[in-house]
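K.L.:
Pasting a predicted model and its sequence here:
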Amino acid sequence: MPEEVVQRCLDLGADDVICTRLESHRKQIRFANNEITASKIWDSQAMRIFLSMDKRVVVTSIRDMDNIEASISKLIGFAKVMGPKEEYYGIASGKYTYSDMRPNDTDIVEEDVVESVFSIADDYRAAGVIYNTHSSNELATSAGIKCNDKGSSMEISLRVFADKQASGHSVSCARNKKDFDAEAACREAKDIAKMSIGAKSGSEGRFDVLLSPLCMGNLIDHISFQTSAFYVDSGLSFFKDKIGKDVASPIVNLYDDGTRPDGLGSGRYDEEGVPSRKNTLIEEGVLKTYLHNTSTAKKHGVETTANAGLISPEPTNMVLQEGDFSPEEMLSELGNGLYITNNWYTRFQNYSTGDFSTIPRDGIFVVKDGEISGSIKEIRISDNMQRLLLNISALGNDPKHIHWWEAETPCFTPHVLIKDVNVTRSRG
């Protein structure tokens with residue numbers, strides 16, 4: 001049990017200890033060309049241990065549950081020979097109460113979901129992956145905190161191909177069956193693929209750009225980690241020294257919310273056992289806080305935001321507050337520009353300034369007088385993330401739950417209109 005591991009580490013000389021026991025059951029189905037190509041199930045358990053000894057901090061994950069004593073001894077040995085982490089200020093302590101565990105209903109037949117996708121794709125080709133995951137964990141700390149949690153999730157990420165050069169991508173993810181809609185995701189991807197037929201090479205220049213939730217979700221994923229105090233202190237964030245300053249358009253309100261019942265990143269507590277909460281990161285364009293665990297919070301002279309990550313504070317669910325515009329009104333508001341439905345390979349040339357590039361993929365559309373007039377390909381966004389946030393001019397009223405391998409942080413985001421975006425050519 002976690003509390004037994006905590007006590008053993010204390011007996012061997014540790015000062016602070018956190019132990020979490022994790023168990024999960026995950027099913028995956030992959031499909032391509034309207035056929036199931038693989039079906040896998042993983043049952044796993046692990047013990048994650050964090051400890052400090054005279055400010056020497058070590059972390060490990062143990063999967064050999066029959067050999068925990070030897071693993072603990074090795075971990076203590078590593079701590080004794082490591083140099084101290086001078087900016088380590090301890091773990092959370094106190095008596096906490098936690099919300100009730102949220103009921104989850106992910107009782108689906110994954111093969112039936114995939115077959116319904118094939119039916120909708122029809123004579124187009126569908127490819128992608130579906131996951132159904134059930135997990136639980138128990139946590140104990142040397143500060144006397146004991147808690148447990150469980151949850152489940154279902155996700156599908158799929159692309160539909162009208163031909164080799166015309167494709168659309170969409171996702172659906174949820175903690176409950178009622179919020180999961182793989183068929184709607186397939187219909188959206190199919191519509192994008194159909195509109196993408198006959199794409200021509202795009203041109204360089206500066207354009208007003210409408211980003212879909214899928215595309216904006218990728219950018220929010222990168223933004224979220226730059227709000228972590230660890231990245232700020234490491235010089236890897238363009239938010240450094242920006243608390244209380246304008247970092248986005250006044251219409252931008254961005255939250256980290258680990259309490260949302262529908263969020264894939266939600267839980268009862270963080271990795272120190274601090275109850276989850278909602279934090280305002282950006283309010284009306286002004287940066288309000290970084291994400292903190294207990295140690296980084298003490299360094300910055302603030303309270304933890306319940307985002308431990310023991311080494312690096314981590315986001316839970318990022319929420320970009322929606323606006324008032326319908327998707328059709330967003331196109332009208334755009335007027336003339338580009339509508340980008342997906343992107344990948346987002347890379348930073350300079351984290352501290354926010355210079356980055358990303359490659360739009362799948363449906364990229366030219367918009368004239370508020371109407372889609374054609375599709376293009378082979379372009380790249382090469383700009384600055386701070387500038388893009390400041391240039392947001394409109395937000396849709398259609399938030400969507402986004403999570404896939406190009407958006408590792410679960411988020412809720414609507415369509416977003418950004419003015420004056422720098423576009424270059426790409427052959428990627």
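P.N.:
Looks like it came in fine.

K.L.:
Show me what the nearest residue to Asp420 once chain neighbours are set aside bridges to in the sheet.
P.N.:
Closest residue to Asp420 apart from its sequence neighbours, by Cβ to Cβ, 6 or more residues apart in numbering: Arg206 at 5.2 Å. From N, CA and C alone the C-beta is placed, and that goes for glycine too. Beta bridges link Arg206 to Asn422, judged by DSSP bridges.

K.L.:
got a list of what Arg206 touches?
P.N.:
Contact analysis of Arg206 by Cβ atoms under 8 Å, 6 or more residues apart in numbering lists 420-423.

K.L.:
Which strands and helices lie in contact with whichever strand or helix holds Ala162?
P.N.:
Assigned by DSSP states H and E, Ala162 belongs to strand 146-163. Packing partners of strand 146-163 (3 or more Cβ pairs under 8 Å, 6 or more residues apart in numbering; DSSP states H and E): helix 110-121, strand 125-141, strand 166-174, helix 182-195, strand 400-404.

K.L.:
Please, where are all the helices along the stretch 301-428 of the chain?
P.N.:
Assignment of helices within the stretch 301-428 of the chain using DSSP state H, counting those that start in this stretch yields the ranges 327-334, 385-390.

K.L.:
Go through those helices and name the closest to Cys215.
P.N.:
helix 385-390 (11.7 Å; Cβ to Cβ).

K.L.:
Looking at the closest one now, give me its mean pLDDT.
P.N.:
Confidence over helix 385-390 (mean pLDDT, whole number) is 97.

K.L.:
Check stretch 155-167 too.
P.N.:
pLDDT averaged over stretch 155-167 gives 96.

K.L.:
Stretch 361-377 now?
P.N.:
Average pLDDT, stretch 361-377: 96.

K.L.:
tell me how far the ends of that stretch are from each other?
P.N.:
7 Å (Cα to Cα, to the nearest Å).

K.L.:
can you give me the offset of it from its chain's centre?
P.N.:
Its chain's C-alpha centre lies 27 Å from the corresponding centre of stretch 361-377 when counted by Cα atoms, centre = their mean, to the nearest Å.

K.L.:
what does stretch 251-262 give?
P.N.:
12 Å.

K.L.:
try stretch 82-92
P.N.:
Relative to the mean C-alpha coordinate of its chain, stretch 82-92 is positioned 27 Å out (Cα atoms, centre = their mean).

K.L.:
if we look at it, which residues are touching it?
P.N.:
16, 18, 50, 52, 54-58, 141-143, 145, 233, 272-274, 293-295, 298-299, 304, 308, 310.
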